[in-house]
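In: coords please:
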Amino acid sequence: MKTLLKPENIALVLTGDEDVKDIRKFVNNIGWIELRLDIFIESHSQCDILKWVKKIRSITDTKIIGTVRWHKEKQDNKIIIPDSQRLQLYKNILNFIDFVDVEIKSKIAHCVIEEANKKNKKVIASYHNFQQTPSEKILIHICQDAKKLNVDIVKIATLLKRENDLFTLISLINRQRKTIPIVVIPMGSSILQRLVPIAFGSQFTYVSLNKKTAPGQPDIMDII
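Out: The predicted structure follows:
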């Protein structure tokens, strides 16, 4: 399935196992790269993180998002990274990225945002639910909490289980996009369902190269 997505609508998720040659093939087709440090250290030494981040930075001017996902909002819990370690990992990479992604409900959210502000980096405040799509009322409340953090983008990723879940997410976009940029990801869905939010104002969607990091995440070759 090929789409008419613009590069700025596509965020390529990297976990550390990708070949640089493969990444280079797609840098002109994407507007974002997300570096999942929490997954990187599952199979690589933590000492190699900065080397990896610098290498990706050296091959592209694409906006880079640095993420150290909280285990409570992660697809699996192979490794639980203590909050103090997560915060330090964010600090270590700030000079080489453009955005950080930190969970709205994470205890270190305020600290991560403060450190990002010091370096003039932007922030994505995120919420992930791998069990269901909460009611629109609950999601609006979560977005309100994100706005209180004074972030640049709000990201909502939820699992589609009921027929009207996608409509709930579309309605959320319509309510929120005029007050703050929003990224909405319907997980566990078809590629078409995953791309629908972009037509209603969601900023971008995430795609994989080697390893999928969320249910239903499309491969980059499926959409370009």
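In: pLDDT below threshold where in the protein?
Out: Along the chain, the parts satisfying pLDDT under 70 run over 1-4.
In: which residues in it form helices?
Out: Ranges of helices in the chain, per DSSP state H, are 20-26, 37-43, 49-59, 83-93, 109-118, 136-148, 165-176, 191-199.
In: List the contacts of the residue nearest to Ile224 when sequence neighbours are not counted.
Out: Leaving aside its sequence neighbours, Ile224 sits nearest to Asn29 (CB to CB, 6 or more residues apart in numbering; 4.9 Å). Where you see a C-beta, it was placed from the backbone N, CA and C, and this is true even at glycine. Residues in contact with Asn29 (CB atoms under 8 Å, 6 or more residues apart in numbering) are Pro7, Ile10, Ile220, Ile224.
In: one more time with 7 Å
Out: With contacts defined as CB atoms under 7 Å, 6 or more residues apart in numbering, the neighbours of Asn29 are Pro7, Ile10, Ile224.
In: same question, Ile140
Out: Ile140 touches Leu172, Arg175, counting by CB under 7 Å, 6+ apart.
In: Please apply the same query to Phe96.
Out: Residues near Phe96 by CB under 7 Å, 6+ apart: Val53, Lys54, Arg57.
In: which other residues reach stretch 216-224?
Out: When contacts are defined by CB under 7 Å, 6+ apart, stretch 216-224 is touched by residues 1-3, 5, 12, 26, 29, 187-189, 191, 194, 206-209.
In: Check the residues you listed for burial and list the buried ones.
Out: Among the contacts of stretch 216-224, those buried by neighbour count (16 or more other CB atoms under 10 Å) are 3, 5, 12, 26, 29, 187-189, 191, 194, 206-209.
In: so how far is Leu37 from the residue sitting furthest away from the middle of the chain?
Out: No residue in the chain sits farther from the centre than Glu163, which is 24.6 Å out by CA atoms, centre = their mean. Using CB to CB, to the nearest Å, Glu163 is found at 36 Å from Leu37.
In: ditto for Cys143
Out: To Leu37, Cys143 is 25 Å away according to CB to CB.
In: Ile223 too?
Out: Distance from Ile223 to Leu37, counting by CB to CB: 25 Å.
In: Comparing these two, which residue is more hemmed in?
Out: Leu37 (23 against 19; other CB atoms under 10 Å).
In: Grab the nearest non-local neighbour of the more buried one.
Out: Closest to Leu37 by CB to CB, 6+ apart is Val68, at 4.8 Å.
In: and that neighbour, how many residues sit next to it?
Out: 29.
In: for the one 5 residues further on, same thing?
Out: Burial of Glu73 is recorded as 16 neighbouring residues (other CB under 10 Å).
In: Quick check, the residue nearest to Leu37 in contact with Gln88.
Out: No - Val68 is beyond contact range of Gln88, at 9.3 Å (criterion: CB atoms under 7 Å).
In: my read: Asp22 touches Leu209, true?
Out: Yes - here Asp22 reaches Leu209: they are 6.3 Å apart, a contact under CB under 7 Å.
In: neighbour-wise, which of the contacts of Phe96 leads?
Out: When neighbours are taken as other CB under 10 Å, the top entry among these is Val53 (23 neighbours).
In: Tell me if I'm right that Asp87 and Ala109 touch.
Out: Careful, residue 87 is Leu and not Asp. No - applying CB under 7 Å, one finds Leu87 not in contact with Ala109, separated by 10.1 Å.
In: Which residues are in contact with the residue nearest to Leu37?
Out: Counting by CB under 7 Å, 6+ apart, Val68 makes contact with Leu37, Asp38, Ile81, Arg86, Leu89, Tyr90.
In: Before I go, just wanted to say thanks for your time.
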